[in-house]
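Undergrad: Attaching a predicted model along with its sequence, questions to come.
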Amino acid sequence: MREQTTLADASFGMNGTVVDEFKAALRGQLLQPGGEGYDQARAVWNGMIDKRPALIARCAGAADVIQCVNFARTQDLVVSVRGGGHSFAGRSVCEGGLMIDLSPMKGIRVDPIRRTARAQPGVLLRELDHETQAFGLATTAGHVSDTGIAGLTLGGGQGWLMGRHGLTIDNLLSVDIVLADGRFLTASENENADLFWGVRGGGGNFGIVTSFKYRLHPVGPTVLGGMILYPLDQAKEVLRFYREFSMNTPEEMGVPAALLTTPDGIPAIAILVGWMGPLAEGEAHLKPLRQFGAPLADLIGPIPYCRLQMFLDAAVPAGMPRYLKMGYLPHMEDEFIEVLCNYMARCPSPYSAILFNVMKGAVTRVASDATAFPHRHPQWHYDFVAQWVDPAQQEVNIEWARALWQATQPFTQGAGINFLGADDGADRVRMAYGENYARLVALKQKYDPTNFFRLNANVAPANQFQHSPSVVE
């Protein structure tokens, strides 16, 4: 096998004509190091990531994506694919290869009669919500509004609506996708059904999706949402209350929780609420929460659905360095709560947070092998994000996060691919897919036998083909 080349070493053996011809074949822009817009395009949400692709192709449509795939395959270039750029591991940008940037592809078309929406992969959650809410509709779509729909969907997709309507993939009707050999396919329950099974949770392993079609549901425009804040010294009592309350609320109510520091510097624990039914009915279901403990503030009230979707944005601003760990929590034991609260009390950064989201209702009524995403049991999604501003504080924050993970990991099971970090290896990927992993390997062998798409939570094909590691990924 010949050594893999990139365009970053002395033009990588390519003359300018090759690059010029590629540029001329694109409708979108082709950016190179030192050129206008290059540094902005390579910057992603996690500020720890600082990689320099040799070329960045800002695709204008599916034809550009096909051109990019064929060019990278012909030139034997490593490829990264950027949608919203929200990957914790920073895999949407590569070192020295071709970054296929889908962020300019922002087309959205809502069909209010059939209650569907078709959206391109550069769309952010807030942009999808803006269009669907014009018709009083929405689909399950995350908790942070600047997340891209592409990565969110391909990894499963949690959100405020999942108790009632399931994960984002449970509302996915079809995709258009470009494969590693440059073919363009549509995948749905009735067309290329095996591939459709794989993209619903299988991440970017099988190709580049250029269009997503979603099922929509009547939501809003006004919902009951917000949070109740308690001082951190009440966290143990609040979490013991939360584990019962969150599992026993109606499916119409999303109930995340977070240990964090408020903008005015107060360490706190928050129980967040998003109620999607009639407001008066929601108030009745909120009574146990509003009557519990001695809160710092009750910030729950009628708000626009789009405002609820932005409620956590300020907690995870774009560009801040961050390090994350996560697992699924089948039981929230007292011992786990004790360990968690002790670590949060000595957290070195006021920007860090520990988060929970309850998985119940419609999420759990889907069989674990119905999609590539297998985690269909009632449980909590548990993750924590170490975040900091001062580069000198990076090591102490990562050490805190790793120690917290070592102390709490024994209580967890499984993993979610959208929450894997750069240091999570193949064992964590296998854990994320559980008994579905072998089927994904076979699917990878069929649709990407050379592992062309490998900068992701990677599932290697059955033949275990590996590229030369000459490009730092």
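TA: Perfect, I can see it now. Source: prediction; values computed, not measured.

Undergrad: Can you tell me the element residue 356 falls in?
TA: Here residue 356 sits within strand 353-359, counting by DSSP states H and E.

Undergrad: Check which helices and strands the helix or strand following that strand sits against.
TA: Going down the chain from strand 353-359, the next helix or strand is strand 379-387, by DSSP H and E. Packing partners of strand 379-387 (3 or more Cβ pairs under 8 Å, 6 or more residues apart in numbering; DSSP states H and E): strand 322-329, strand 353-359, helix 394-408. To be clear about C-beta, it is placed using only N, CA and C from the backbone, and glycine gets the same treatment.

Undergrad: Double-check that residue 67 belongs to a helix.
TA: Yes. Counting by DSSP: H, G, I helix; E, B strand; the rest coil, residue 67 is found in a helix.

Undergrad: Next one: it relative to residue 184, how far apart?
TA: For residue 67, the distance to residue 184 equals 12 Å [Cβ to Cβ, to the nearest Å].

Undergrad: Pick out whichever of these two has more residues nearby.
TA: Counting neighbours by other Cβ atoms under 10 Å for residue 67 and for residue 184 shows that residue 67 has the greater number, 20 against 16.

Undergrad: The residue lying closest to that one once chain neighbours are set aside: how many residues sit nearby?
TA: The shortest distance from residue 67 to any non-neighbouring residue, by Cβ to Cβ, 6 or more residues apart in numbering, is to residue 25 (4.9 Å). Number of residues near residue 25 (other Cβ under 10 Å) recorded here: 16.

Undergrad: Phi and psi next, for residue 25.
TA: Phi and psi for residue 25, reported as degrees, to the nearest 10, are phi -80, psi -10.

Undergrad: helices and strands around the strand holding residue 356, which ones?
TA: Applying 3+ Cβ pairs under 8 Å, 6+ apart, one finds that strand 353-359 contacts helix 235-248, strand 257-261, strand 379-387.

Undergrad: Ok, which of those comes nearest residue 58?
TA: For the helices and strands packed on strand 353-359, the distance to residue 58 is smallest for strand 379-387, at 28.3 Å, taking Cβ to Cβ.

Undergrad: for that closest one, what is the average pLDDT?
TA: The average pLDDT within strand 379-387 is 97.

Undergrad: circling back: what angle separates the strand holding residue 356 from strand 379-387?
TA: Interaxial angle of strand 353-359 relative to strand 379-387 (axes from the mean of the first three to the mean of the last three Cα atoms, to 10 degrees): 160 degrees.

Undergrad: what's the neighbour count on the nearest residue to residue 111 once chain neighbours are set aside?
TA: With sequence-adjacent residues excluded and distances taken as Cβ to Cβ, 6+ apart, residue 111 is closest to residue 117, at 7.2 Å. Residue 117: 26 surrounding residues under other Cβ under 10 Å.

Undergrad: quick one: residue 117 is in a helix?
TA: No. Using three-state DSSP, the assignment for residue 117 is strand, not a helix.

Undergrad: Residues in a beta bridge with it, which ones?
TA: Counting by DSSP bridges, residue 117 forms beta bridges with residue 110, residue 214.

Undergrad: Please apply the same query to residue 100.
TA: Applying DSSP bridges, one finds that residue 100 bridges with residue 57, residue 81.

Undergrad: hang on, it packs against residue 70?
TA: No. Using Cβ atoms under 8 Å, residue 100 is not in contact with residue 70; the gap is 11.5 Å.

Undergrad: pretty sure residue 428 belongs to a strand, no?
TA: No. Counting by three-state DSSP, residue 428 falls outside a strand, being helix.

Undergrad: The closest residue to it other than its chain neighbours and residue 189, how far apart?
TA: Take residue 428 and drop its neighbours on the chain: the residue closest to it by Cβ to Cβ, 6+ apart is residue 415, 5.1 Å away. Shown here: residue 415 relative to residue 189, a distance of 27 Å by Cβ to Cβ.

Undergrad: Comparing those two, which residue is more hemmed in?
TA: Using other Cβ under 10 Å as the criterion, residue 415 and residue 189 rank with residue 415 on top: 24 against 11.

Undergrad: Next, that one: phi, psi?
TA: Main-chain dihedrals, residue 415, degrees, to the nearest 10: phi -160, psi 160.

Undergrad: do the one 5 residues further on as well
TA: Backbone geometry at residue 420, expressed as degrees, to the nearest 10, gives phi -90, psi 140.

Undergrad: now could you export just the CA positions of the helix or strand harbouring residue 18 as PDB?
TA: Here residue 18 sits within helix 16-25, counting by DSSP H and E. In PDB, the C-alpha atoms belonging to helix 16-25 read as follows (Å, rounded to 0.1, in the frame of the first residue of the first chain):
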ATOM      1  CA  GLY A  16      -1.200  23.600  -8.700                       C
ATOM      2  CA  THR A  17      -3.200  22.400 -11.700                       C
ATOM      3  CA  VAL A  18      -4.700  19.500  -9.600                       C
ATOM      4  CA  VAL A  19      -5.900  21.900  -6.900                       C
ATOM      5  CA  ASP A  20      -7.000  24.400  -9.500                       C
ATOM      6  CA  GLU A  21      -9.100  21.800 -11.300                       C
ATOM      7  CA  PHE A  22     -10.700  20.700  -8.100                       C
ATOM      8  CA  LYS A  23     -11.500  24.300  -7.200                       C
ATOM      9  CA  ALA A  24     -13.000  24.900 -10.600                       C
ATOM     10  CA  ALA A  25     -15.200  21.900 -10.200                       C
END
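
Undergrad: re earlier: okay, residue 100 and residue 70: which has more neighbours?
TA: Counted by other Cβ under 10 Å, residue 100 and residue 70 do not tie: residue 100 has more neighbours, with 27 against 16.

Undergrad: Please determine how far the more buried one is located from residue 55.
TA: Residue 100 sits 9 Å away from residue 55, going by Cβ to Cβ.

Undergrad: and the strand holding residue 356, which strands flank it?
TA: strand 257-261 (antiparallel), strand 379-387 (antiparallel).

Undergrad: right, and those - which one's nearest residue 81?
TA: For the strands paired with strand 353-359, proximity to residue 81 was assessed by Cβ to Cβ; strand 379-387 is nearest, at 23.1 Å.

Undergrad: for that closest one, the distance to its chain's centre please.
TA: On the basis of Cα atoms, centre = their mean, to the nearest Å, the separation between the geometric centre of strand 379-387 and that of its chain is 13 Å.

Undergrad: where's residue 378 relative to residue 39, distance?
TA: Separation of residue 378 from residue 39 (Cβ to Cβ): 45 Å.

Undergrad: Many thanks, we can stop here.
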